Structure formats: structure tokens, C-alpha cells
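J.: let's see this in three dimensions:
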Amino acid sequence: MNKLNVSKWLIGGGVSLLAVVGSMPAYAQAADTAADAGSEIIVTGIRGSLQRNMDIKRAASGVVDAISAEDIGKFPDANVADSLQRLPGVSIQRSGPRGEANGVTVRGFGGDFNDTQFDGRHLSTASGARSVDFSTIGSDFVSEMSVYKTPEVTLGASAIGATINVMMPKPFDHKGFELAAKASGAVQNRNGNVRPSGAMLISNTFADDTFGVLAYAAYRRVDTTTNQVFIPGWIGKKFFPCQVKAACTTAELDPNNATRVGWFPQQVGANQVTSKDERFDGRLAFQWQAGENVVLTVDDNFSRQTIHTDTYGYGAWFNGDDLRNVKYDGNGTVVDFNQFGTPMDFNAGIQRTINQTNITGINLKWEATSNLKFDFDGSISRSILNPGNDGYNDNMDIGYGGTNPGGPFVSTNGTSSTILGANTGLAILGPSKNNLPSIHDIGPAGNIARFTDQSVIGNHVIVRGAPYNTDLVKQFKAVGTWQQDGLKIDFGARYSEDKFHQESQNTFINGTFARYAGYGAPSGRTGSIAPLPANIYQGIINTNNFIPGFKGTVAPAIIKYNPYAVYNLLDPSGKTVGPALDPSSVLTVTEKTWAGFVRFAVDTDLGSMPFHFSAGVRDEYTKLEATAIGQLPVNLVRSDNDPTLITVGTYTPQQPITNSTTYNYLLPAFDVKLEIDPKFVLRLDASRTLTRPNLSYLKPNLSLGTLRKGSLAASGGNPNLKPYLADNFDIAGEFYYQQNSYISVDFFLKYISNFIVGGVKTQTINGVIDPFTGQPAQFQVDSKVNGPDGTVKGVEVAIQQVFGDSGFGFNANATLVSTNRDFNTADISGSAFAITGLANSANLVAFYDKHGFQARVALNWRDSYLLALGQTQGGTFGAEPVNVNQQTQIDASASYDVTKQFTVFAEGTNLNNSKYSTYGRFSNQSLDTFAYGRRFVFGARFKY
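T.: Take a look at the predicted model:
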């Protein structure tokens, strides 16, 4: 579907939707959504929320968009990111296996470029990135979210994308007693299990409203079953001309003959992933009117998300030099091949991931005089990934393979022999947006009817890991405001300290990975048990219509089995099947930032036109210290049980590595707002902002990745990275033509320098020898450097329309963006660079809100875009791109006020069963394809 047709669909869909909603009966309910208060119409519900959002936008000094709760406990969406995507210039990223919105992109800049705050406080995150996982933030009692697209100097200037401020409820928001509760059930169409959620808030004020207490707790459980077809990466290499044939001679495989540039998939497979996502949120807040002009607030916010994931799938591994009958397309993509003796693995994984965050704060607001006010705020935010080291990712591979007594895999019909491997291959049928990579020639000895034959299956490799991260953020801020006769001066200082620590265990570091590999006697190999006993198996998953709407062939079935039963079979003591601490994973980063700021704002008239001018500046000084453990490989060895696997024999002794660096930046911001007439507002904004590098990028050591024949990977950090810098310019016009309705157009330009890029280079490490070639091993090392600059420009268009007192209305927006730094698919130099996250997008929300009945349908469209540079596997020609295909999603919700206190509601997410898919350098280089289905929620709310 081209962009013109999409636009027609959006417009036509909106008109049709309004017609459908208009045909709904108006239920006879007391009209409590609108009341006549003289000449003023006071509205609640959807229309009231939209009016508040519009008022925030109009009153702001800079470019701001907001979303408000329709009522206490009634935020527009179950996930705050889902609500944010309705705003112009804001798009979301989804977790593939869960389909949950877990990140936001603002004007093309992803989560790492956005600063997410709670009540003006920076929120910690244990991921090692700067982004916040929005699936860990409950929306049940969020009051309001504001997206500052131009910097608000009192909040910060550390966001090239936007500063997102999440406002939480406080006792003094509504004086007196309040009780709000809701209960619901959620079900995904593929999973079929109805899971409960519930939340309750109690708030009250005492002693003539001078003291208040608020508490809430919320529980949410969501189960999701997702089907996935995957290729972890497309490996660029130079092929031998003979590989287009069924066999190659030894002379034809001379390294000097490798001249044909192309890309091949190193692995292909399919998974069924079932996740159980549980989240508990709690908040306790106290407020005290300590004097006529003093308010003290103390609050604590807690969130704990636990995700249990069961994954069952299969996978086949390919090696570039072993491919035969190779076919290429015009871009060099390998679109079909066979590989002699290909093994088949069946994987089973059990994972538990815990994300826990607690932020405690104290705030003092003091009105010193009628002109001078102060705001003092301190907080501690602590996030932990897998607290108590209680998380795990335990995987097992079993399957059947081949033996090759004649040597390496050099032929599809030559002298080498195989017992259970097959001449497996992969056909690429077309663009990844509607085609799956099609596996062919599978099954023991090529017999597809025996694909899941348990009599020949033995254990293979053990892949286990246990990450543990912590992030502790301490911050204090003092802000003063002096205001008189149209002049306002904000001034203050802020100190923050961010201490991040990471470490992880895995089965690569201690040899567990391949200790029992080999598939066993039926495959002609040793080191394994085969056949495995029947009691480890738990059933078969049929893959018929695995990804609805996509063409392509997947294997006929997936085996379900218990990985722990296999561990116990190999070693009942458990001593030789577990992971160990990987010293190269250990990293501690301490980041201290001192900031001072001042802003002058003037409100006056130019002729008869109200005029607002604001000029501010922040000075930010940062000191960084990164500490890690260094060790290098001494020798590499081939595995006796896996013919393509390489392991590290020994390492050099461990030694600590510490690096310190500092930087300082001056960040100015200017805002101009002119009210041409009471309905039309013109804005001009200019600023400089920065985004600091991910803390995990600052490692001063080297880590080894996957080590297999022809694929040696490593990664290194760079503790001397400097922040990204952006000079930003906005010009906007806003036309508020009637109550609750407006049109806005905003043109923006960003010039970004100091971009952090992943440079992949080929190098040796400590002179170790490749056991397959006998030559110094050539590693593809991915490291981070500050590099090029780039420009992003775009336009945001938004319209909000409420049709009088009819109850009908809609809001729609579209964002068009472009850059001078698109990815060059022809660049194989290893230095290709592009700006990620940029995508045209559009949203349409149509609603009806009257007589106690509310209905809303939301359509979100996002064009294809470059998500990241660097695939899970690959990198010979630099960091290979990950692109996301165009996606459209439709959500809907409805509620009915049975009484003024009691409401029933229903919601549907992804009603059009949209799929999420990605691809590599070219559109047919399929990477991930996820089908996460539809979700339905039904429940009730009560308010007193």
C-alpha cells in the first residue's frame, strides 16, 4: 500500500467511523458530562480531557503536547506509551514477543534520546540505556503526561527528542475523601486465558484540608502467546564463484577466488513464545500545608514487573563457505541455497525477568513573598534488573545432526558423508512485509516425515544466562521564581548522581555451552545422550498458518520439552550444567552532573497582540568514571562435539580497568509566542540540547561474542564517548477556532553532531590462532565512537474537532520527517552511518461522548523506518541495519456510566491483527516476524 492510498484510507476510515458512531443510540442517562455554568461549558470525560490538553498546549511557553486522565483512574489507555502515540510526532516501539508498547520515539528520536521523569524527577533504569521501558509504568492513576518537544530549562535539557513528564496524583489535587477502584479481565485471542487486573486509590484530607494522605495499589496480569519466524542476521561476505554449483573442488575454494559480494542468513528458525507479564504498582503520598505559604510533599512510588517466558522452537545454522546451489538477486542477497549435512536443533527456553523500581521524593514549595517562590526537591530512584539475582534465562538445544568423515562440509553430492543431516536450504520469496523465509529439504537424512522423530534426537548445547543490573539515581533541585508586572525570572541549580552496575553469568565462559554437545550416537557423534527419554517431551506445536497473511514455508512442527529434565539427565548434581560469572560483563559507571540555570520571560503587548518572550540557559558539567574487568583469550580450540564451534581454551589473568572523563556544555533556549488574535498563536523556538551516551557503551574492556567457523565476533566499549549535541529550531502556528477544537502546524529542524556510531572492524585479538585456518583469528569487533553529524527536519500537523454538543469528535495528526543521513545500502566499507528511528506517521482517534456513553476508535499508522544499526549476527561489512516494516494498528474502547459512581467498560487492542516485522539491508532480507494477535479487556470502575 503506497502512502497516498494510506492517506486516503485514514481519511475515509475517519469519515466512516464518525458515521457509524453517529448511528449509535443515545442511551437515556443523566447528562452529567456537561453542565451550564453561566456562559461557560464545563465538560468531563473524553471532551474534558481533550480541553485540558488543548489548554496546556496553548498556555505553554514552548512546544508542548499533553494527555490528561478523563477522570481519576481513567487514563485513555492501559499502557502510557499507547496514549503517547496519539500525539503528533510521537510513535511507539513494541516488544516483539509480547506486542506491548515499551518505548516511544519523538520526532524520529527513540527512547535513548528522551528524558522520562516522574513529577519532574529523572527516572532510573537498570537496562544500561537511557530509555525507560513503558511497559513497567502503570497508567491506572496517572494524572497527566506532558511531552516537551522544546526544552523546559527548569526540568532539563538532556533530551534531543523530548522530555516526558509523568504527573502522579497527590492528596491536595482533590480536597476531601476520594475512593476509586477498578477490576478487569484481559484475554489474548491466541492464548485464551482470561487474567485479572485490579486497582484501588484512596485519598483524604484532614485538619481543615491542611494534611492529606493518598495511597494506591494496582495489579495487572497479561498473558500472550506469540508466533515468531526469525533470521538473527544477514552476514556479508565474498563468495566463491563455484558455490552456484552443487559441488566445489579444493582448488576452487582457494581464498583468492572469493570475489562475489553477497549476504546470507546464518540461521533460520521459528518460535512460539508464551509470556506471563505481572506488574504491581504502589504509591503513598503525604502532603502538609505547613503554613499559609508552605506545602510539603513526601511520596514513594514502587513498581515491580515479573515476566515469565516459555519459548519453544527450532533452528538451522548455516556457514557461508558451505552453501551450494546458491542463487543471488540483483543486490547480492542469497535467495536460495542448499547446505550439505545441516543439523536441526529444537530449542526450549524458560526465562524469568524482574524489573523493579522505587523512587522516593520530598518536595517543599514556599511562597516567600507575593513575588518570590521557591521549589526544593530531592529524590532517590533505584532500579534493579533481577533483584537478588533471581532472574534467569535457561535454554537447551536438542536435535539431530551429521558427521562428515571426509572433512568439512564441501559438497552436496560429493565424497563427504552424513548420517542424519540434510541438504537444508532457504528460499527468499519476496519482500519481508508479507513473505517468510522458506526452509526446505529438512528432516533426518532429508525425510520431512521424520522431522520430529524422537528416536534419533540427542542433546546438543546448553545456553544459560543470568543478568543482574542496578541503577541508583540521586538528585536534588532548587528552583526560584520571581514574578512581577509581566516579568518572570526562573533560576536554580540541580545535582544528580547516577551509579550503574551490571554483571551477568553465562555458559560460554566456563565451557558448559558445548560440554555435552554432539547429538549422540544416532548422528554418529559422541558426548551426548540419544535417543533422549520420552519423559522429557511435553507435546507438539503445529505450525499450520503460523503467521497469518504471510507467504512462505516453515517446518511442520515444533517440539515442546522440559529443558530442566535434560539438565538433570546430563548431570543430576547440577554442577556441570550451570552458568558462571563472565568477568568481561562486569561494569560500574558513576556519572555526576552539576547544572545551573536561569530563564527570563516577558509577557507584554506588540500593539494589541499579546507577546511572550523567554530566554534561558543551562550549564551542565559532567564527571564520569567507568570500571571493568579486563581479560583476553590466550588460545582458541575446536569443539570435539560440534564441527563448527570454537571455544576459548584459556584467558589471560583478570585485571581491573578504570577510566575517567569530564565534559561541560552550555545549553541555551529561546521561545517566542505571539497571539495574532484571540484565536491564532504563532511560535518561534530555538535551543541546544544534548543526549548522553548509554551507560553500557562506556565499558573500557573487550567482550567476546559468538565464536563459530567463519564467524568470530567481539564488542568493545568506549569510556571517552561524548554526548550527542543538537541545535533545534521550531516555527509553529496554532488556530483555536472554537471550544475544544484547534488546528496546528509545526515545522522543526534539528542539526545533530557527535553522533555515536557502531564501527565494525576486522582485527586480531591477542594474536590467537583460528583453529580452522591455522592463521591469526580475524574478529569482527563492534565498538562505539563519536562520529558524523546529520540533519533532521519535518512537519507536524494536528487537528482536533468537537462537533458542538453532539458528543461526536475526533483528533488526527500526521508527522512527515526526513534526513540527509539515510542508510546507503551500497556501502560495504564498514563505516556506513544513518540516523535511526525516523518514520512518517499518522493517527486518527474518533469518539462519541454523551449521556454517560463513551466510545473511541484509534488508528495508528507508521511507515517503514530504520530501527538500529547492528543485527544480532553479522557485521563483516560494518553494522548491518535493522529496518521495521510499515505497520497499522486499530484499537477501540467503550464505556457506559451505569450510575455516576459505577462504570462498565471494554477495550480491544490490535483489532486488525497487525504483525510486526523487520528486515536487513534490503527489503527481502527478513529478520523477525511476530504475530502477537488481538487483546480484549472488560471490566468495571467505581468512584466515590
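J.: leaving out the residues flanking it, which one is nearest to residue 658?
T.: The spatial neighbour of residue 658 that comes closest, neighbours along the chain excluded (Cβ to Cβ, 6 or more residues apart in numbering), is residue 627 at 4.6 Å. No exception for glycine: its C-beta is placed from N, CA and C like everyone else's.
J.: could you give the bridge partners of that neighbour?
T.: On the basis of DSSP bridges, residue 627 is bridged to residue 588, residue 658.
J.: which ones are touching it?
T.: The neighbours of residue 627, taking Cβ atoms under 8 Å, 6 or more residues apart in numbering as the test, are 587, 588, 589, 656, 657, 658, 659, 700.
J.: filter those down to the buried ones.
T.: 587, 588, 589, 659, 700 (16 or more other Cβ atoms under 10 Å).
J.: quick one, strands of the stretch 351-500 of the chain?
T.: 372-385, 392-400, 422-427, 438-440, 458-484, 487-506 (DSSP state E, counting those that start in this stretch).
J.: which strands and helices sit next to the first one?
T.: The helices and strands touching strand 372-385, judged by 3 or more Cβ pairs under 8 Å, 6 or more residues apart in numbering; DSSP states H and E, are strand 121-122, strand 344-367, strand 458-484.
J.: hmm, residue 867 and residue 834 touching each other?
T.: No: contact criterion Cβ atoms under 8 Å: residue 834 and residue 867 do not qualify, at 10.8 Å.
J.: more crowded one of these two?
T.: Per other Cβ atoms under 10 Å, whichever of residue 834 and residue 867 has more neighbours is residue 834, with 20 against 17.
J.: please point out which parts of the helix or strand harbouring residue 917 sit buried.
T.: Per DSSP states H and E, residue 917 falls inside strand 916-919. Within strand 916-919, the residues that qualify as buried by neighbour count (16+ other Cβ under 10 Å) are 916, 917, 918, 919.
J.: how far does whichever helix or strand comes after that strand sit from its chain's centre?
T.: Counting by DSSP H and E, the next helix or strand C-terminal to strand 916-919 is strand 926-931. Centroid separation for strand 926-931 versus its chain: 15 Å, with Cα atoms, centre = their mean, to the nearest Å.
J.: so residue 527 sits against residue 518, correct?
T.: Yes: using Cβ under 8 Å, residue 527 is in contact with residue 518, at 3.8 Å.
J.: quick check, residue 874 in a strand?
T.: No: if the criterion is DSSP: H, G, I helix; E, B strand; the rest coil, then residue 874 is coil and not within a strand.
J.: show the pLDDT at it.
T.: Looking at residue 874, its pLDDT stands at 73.
J.: what's the answer for residue 1, then?
T.: At residue 1, pLDDT is 40.
J.: any stretches of the chain with poor pLDDT?
T.: 1-44, 71-74, 76-78, 96, 403-419, 641, 758-760 (pLDDT under 70).
J.: sheet partners, orientation included, of the helix or strand residue 290 falls within?
T.: Here residue 290, judged by DSSP H and E, is contained in strand 267-291. Using DSSP bridges, the strands paired with strand 267-291 are strand 211-230 (antiparallel), strand 294-317 (antiparallel).
J.: can you list those strands in TSV and add mean neighbour count and distance to residue 640?
T.: Shown next, in TSV, are these (neighbours: other Cβ atoms under 10 Å; distance: least, Cβ to Cβ, whole Å):
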stretch	mean neighbour count	distance to residue 640
strand 211-230	21	29
strand 294-317	19	18
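J.: nearest to residue 152 among these would be which one?
T.: strand 294-317 (19.9 Å; Cβ to Cβ).
J.: between strand 392-400 and the closest one, find me the angle.
T.: 10 degrees (axes from the mean of the first three to the mean of the last three Cα atoms, to 10 degrees).
J.: out of the buried residues of strand 916-919, flag the one nearest to residue 694.
T.: Nearest to residue 694 among the buried residues of strand 916-919: residue 918, at 20.8 Å, using Cβ to Cβ.
J.: please name the nearest non-neighbouring residue to the closest one.
T.: Per Cβ to Cβ, 6+ apart, closest to residue 918 is residue 927, 4.3 Å.
J.: number of nearby residues for the one you found?
T.: By other Cβ under 10 Å, the burial measure for residue 927, its neighbour count, is 26.
J.: go on, residue 816?
T.: Residue 816 is flanked by 15 other residues according to other Cβ under 10 Å.
J.: equivalent analysis for the one 10 residues further on, please.
T.: Number of residues near residue 826 (other Cβ under 10 Å) recorded here: 9.
J.: help me confirm that it is found in a strand?
T.: No: using three-state DSSP, the assignment for residue 826 is coil, not a strand.
J.: if I look at the nearest residue to residue 895 once chain neighbours are set aside, how far off is residue 600?
T.: Leaving aside its sequence neighbours, residue 895 sits nearest to residue 905 (Cβ to Cβ, 6+ apart; 3.8 Å). Distance of residue 905 to residue 600, computed by Cβ to Cβ, to the nearest Å: 47 Å.
J.: which residues in the protein form helices?
T.: 3-22, 45-59, 80-84, 512-515, 563-570 (DSSP state H).
J.: return the set of buried residues in the second one.
T.: In terms of neighbour count (16+ other Cβ under 10 Å), helix 45-59 has its buried residues at 45, 46, 47, 48, 49, 50, 51, 52, 53, 54, 56, 57.
J.: ok, stretch 618-636 next?
T.: The neighbour-count check on stretch 618-636 (16+ other Cβ under 10 Å) flags 618, 620, 622, 624-633, 636 as buried.
J.: show the contacting residues for the nearest residue to residue 612 once chain neighbours are set aside.
T.: Excluding its sequence neighbours, the residue lying closest to residue 612 (Cβ to Cβ, 6+ apart) is residue 673, at 4.1 Å. Residue 673 sits next to 61, 611, 612, 613, 681, 682, 683 when contact means Cβ under 8 Å, 6+ apart.
J.: for residue 182, same thing?
T.: Neighbour list for residue 182: 73, 140, 198, 199, 200, 939, 940, 941, 942 [criterion: Cβ under 8 Å, 6+ apart].
J.: in TSV: these, plus neighbour count.
T.: Below are the contacts of residue 182 laid out as TSV (neighbours: other Cβ atoms under 10 Å):
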residue	neighbour count
73	25
140	24
198	16
199	21
200	18
939	18
940	14
941	21
942	15
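J.: and those as TSV, adding distance to residue 147?
T.: Formatted as TSV, the contacts of residue 182 follow (distance: Cβ to Cβ, whole Å):
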residue	distance to residue 147
73	22
140	20
198	29
199	24
200	29
939	28
940	31
941	26
942	31
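J.: and the buried residues of stretch 618-636, which is closest to residue 744?
T.: residue 618 (27.0 Å).
J.: right, and that closest one touches residue 152 too?
T.: No: using Cβ under 8 Å, residue 618 makes no contact with residue 152, being 10.3 Å away.
J.: hey, what's in contact with both of those two?
T.: What both residue 618 and residue 152 touch, as defined by Cβ under 8 Å, 6+ apart, is an empty set.
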